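> sharing a model that was predicted from the sequence below.
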Amino acid sequence: MSRPPLPPFTLETAAQKVRMAEDAWNTRDPARVALAYTPDSRWRNRVEFLQGRPAIEAFLIRKWSRELDYRLIKELWAFHDNRIAVRFAYEWHDDSGQWFRSYGNENWQFDAEGLMQLRIASINDAPIAAGERKYMWPQGRRPGDHPSLGELGL
């Protein structure tokens, strides 16, 4: 299965890959998101270590069952050959109604078919008041005219 754009990445194709990932994660569909990874993909997410699509899908099911009203913005940080570095921030609330903004960085490595074979993520959660939220679009894809992380000062 091929997942364009394929490496080696250019500025344009790396940015496209980042936006495609953001769009997929904003669906909150674990099965759809997991298809972007190799069958044996390896992850480090915070302190969890995962391997393979079934583990990734199970992780995402758990994640989105507790991170409610999740909305994400990703931004290209750097790229070279088959690797992309991303910074991101997402907003969500827990079942008590406490809002958070989670900030992080990801390092991605892709195979020749454009599937992610390695994802290393570092993430920190900051509690925020509901009035501090910046991601107010309807659930799903971030509108094209919505400010980026840089434009939001994040």
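On my side now, so go ahead. Numbers count the residues shown, from 1 in each chain.
> low-confidence stretches in the protein?
For the chain, no stretch is flagged by pLDDT under 70.
> give me the number of residues near the closest residue to Glu67 other than its chain neighbours?
With sequence-adjacent residues excluded and distances taken as Cβ to Cβ, 6 or more residues apart in numbering, Glu67 is closest to Trp92, at 4.0 Å. Yep, even glycine has a C-beta here, placed from its N, CA and C like the rest. Using other Cβ atoms under 10 Å, Trp92 has 20 other residues around it.
> equivalent analysis for Ala21, please.
21.
> contacting residues around the residue nearest to Glu67?
Contact analysis of Trp92 by Cβ atoms under 8 Å, 6 or more residues apart in numbering lists Glu67, Leu68, Asp69, Tyr70, Arg71, Trp99, Phe100, Ser102.
> next one: Arg133
The contact partners of Arg133, by Cβ under 8 Å, 6+ apart, come to Glu91, Trp99.
> relative to Trp92, how far out is it?
Between Arg133 and Trp92 the computed distance is 10 Å (Cβ to Cβ, to the nearest Å).
> that older thread, and the helix or strand containing the residue nearest to Glu67, C-alpha only, in CSV?
If you go by DSSP states H and E, Trp92 is part of strand 83-93. Extracted C-alpha coordinates of strand 83-93, given in CSV (Å, rounded to 0.1, in the frame of the first residue of the first chain):
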residue,chain,number,x,y,z
ARG,A,83,12.1,12.1,8.1
ILE,A,84,9.9,14.9,9.3
ALA,A,85,9.9,16.7,12.6
VAL,A,86,6.6,18.3,13.7
ARG,A,87,5.4,20.4,16.6
PHE,A,88,1.8,20.4,17.6
ALA,A,89,-0.8,21.5,20.1
TYR,A,90,-4.2,20.0,20.8
GLU,A,91,-7.1,21.0,23.0
TRP,A,92,-9.4,18.6,24.8
HIS,A,93,-11.3,18.1,28.1
